[in-house]
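Undergrad: Got a predicted structure here, sequence first:
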Amino acid sequence: MTAHIADISPDLPCHRCGYDLRAHAGDAKCPECGEPVAESRRVAQIPRRPAWRNSDPRWRRRILAGVWILALLPSLDVMQSFGWTSGIPVPRVFSYAVRTLDETLFCQMRVDQPLLFCVGVVLLFSKERGPHLRPPEWTRRWGILCTYVTLLIWSAQLLFLAALVSVGISAVFLSIPLKYQPAVTRVFVEVSTAYLRHGLSPKPIAEAVLVASSSAAILLACVPLFNALRSSASTRVGAILVAPLALFALVHLGQAGLACVHPSRVIPASVTRYQLYFRPDTFVAGIAALYSRQGLSGSELIALMVELAKWCTIVAIAIWLTLARFAPRRQGRRTSDIPSC
């Protein structure tokens, strides 16, 4: 009798049906579903994640910011398609500075897409603080590394400006008499000329690596997104919302890997189309074509559907987490409105 009382747990629901098993011995079975009580004890000892409202506030804010930044990727393309960028003024720091948004590098060189993508993904890998949390640290490290590799490879397309500046500095150094030239003159000349010769036309393998790194970053970012969704809802809802992002990331990784192994078997456009995983310009252009009743080819329609699925998934996750963020406030207001007896 003493041993039986010692086995009684203060709170022991069945891991399958939820039946209360507090008064059952360890070698017994659940009277509702027949599952062993020992298995329910083992599951009860596993530390569970805290609810979304009880999780780390700093982690919640960064997850929400990262998801909304990724959801707002098509914003500049939408403004360009409607011609709004020419009417948005930009602060003039110098007298020869640009005047409107369409004259900046954000519109001319499309700097906004890699910056927003990398900032949003890095925010998703924010470290969560809290007791009994054992997040997979390797996913965070490798995800941030893939994000930095993506930014580095993409920024190589903009380094020609630095190469031109380096060429000018080299020309100034070469105009100095030989005995007075700095020791770094040859370095400036070699670096600037090498980049102008090879950097402006990267090999297809660089574009395949860019696709692979961005897709791997999104695939690893599905882990913190799933943790956030299952904290605010059920595990099933989190898996349903994260599954499209992970599926498309695996498809792009397979295309990039096939392009690296057998370049002749893959059409380059099918790989280079998804350099940053998201292609908001393809999404906006397809929507504009459908709105103006212009025909789309089969490949363009497939690309539009893929981008639409990605964007709708990100927006759905952002809205879900935002509603979960403000749900405790609404519940607190409702309870405060109830008159006390």
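TA: Perfect, I can see it now.

Undergrad: what kind of secondary structure is the residue positioned nearest the centre of the chain in?
TA: Nearest to the mean C-alpha position of the chain, by C-alpha atoms, centre = their mean, lies residue 121 at 3.6 Å. Of the three states, residue 121 takes helix under DSSP: H, G, I helix; E, B strand; the rest coil.

Undergrad: hang on, it packs against residue 70?
TA: Yes - between residue 121 and residue 70 there is a contact under C-beta atoms under 8 Å: 7.4 Å. Just so you know, the C-beta spots here come from the backbone N, C-alpha and C atoms, and that holds for glycine as well.

Undergrad: so residue 140 touches residue 125, yeah?
TA: Yes - Residue 140 lies in contact with residue 125 (C-beta under 8 Å); the separation is 4.8 Å.

Undergrad: intersection of neighbour lists for the two?
TA: 220, 224 (C-beta atoms under 8 Å, 6 or more residues apart in numbering).

Undergrad: for the record, mean pLDDT for stretch 289-298?
TA: Average pLDDT, stretch 289-298: 74.

Undergrad: do stretch 188-205 as well
TA: 73.

Undergrad: One more: stretch 66-83?
TA: Rounded mean pLDDT across stretch 66-83 is 83.

Undergrad: How about stretch 216-232?
TA: pLDDT averaged over stretch 216-232 gives 90.

Undergrad: if we look at that stretch, which residues are touching it?
TA: 49-52, 55, 60, 63, 67, 121, 124-126, 128, 135-136, 139-140, 142-143, 146-147, 150, 237-239, 241-242, 245-246, 249-250, 253, 277, 317, 320-321, 324.

Undergrad: In PDB, could you pull the C-alpha coordinates for that stretch?
TA: In PDB, the C-alpha atoms belonging to stretch 216-232 read as follows (Å, rounded to 0.1, in the frame of the first residue of the first chain):
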ATOM      1  CA  ALA A 216      19.400  26.500 -46.300                       C
ATOM      2  CA  ALA A 217      19.000  29.600 -44.100                       C
ATOM      3  CA  ILE A 218      15.200  29.400 -44.600                       C
ATOM      4  CA  LEU A 219      15.100  25.700 -43.900                       C
ATOM      5  CA  LEU A 220      17.000  26.100 -40.600                       C
ATOM      6  CA  ALA A 221      14.800  29.200 -39.800                       C
ATOM      7  CA  CYS A 222      11.800  26.800 -39.800                       C
ATOM      8  CA  VAL A 223      12.900  25.500 -36.500                       C
ATOM      9  CA  PRO A 224      12.500  28.700 -34.500                       C
ATOM     10  CA  LEU A 225       9.300  29.500 -36.500                       C
ATOM     11  CA  PHE A 226       7.900  26.000 -35.500                       C
ATOM     12  CA  ASN A 227       8.800  26.600 -31.800                       C
ATOM     13  CA  ALA A 228       7.000  30.000 -31.900                       C
ATOM     14  CA  LEU A 229       3.900  28.500 -33.600                       C
ATOM     15  CA  ARG A 230       3.600  25.500 -31.300                       C
ATOM     16  CA  SER A 231       4.000  27.900 -28.300                       C
ATOM     17  CA  SER A 232       1.100  30.000 -29.500                       C
END
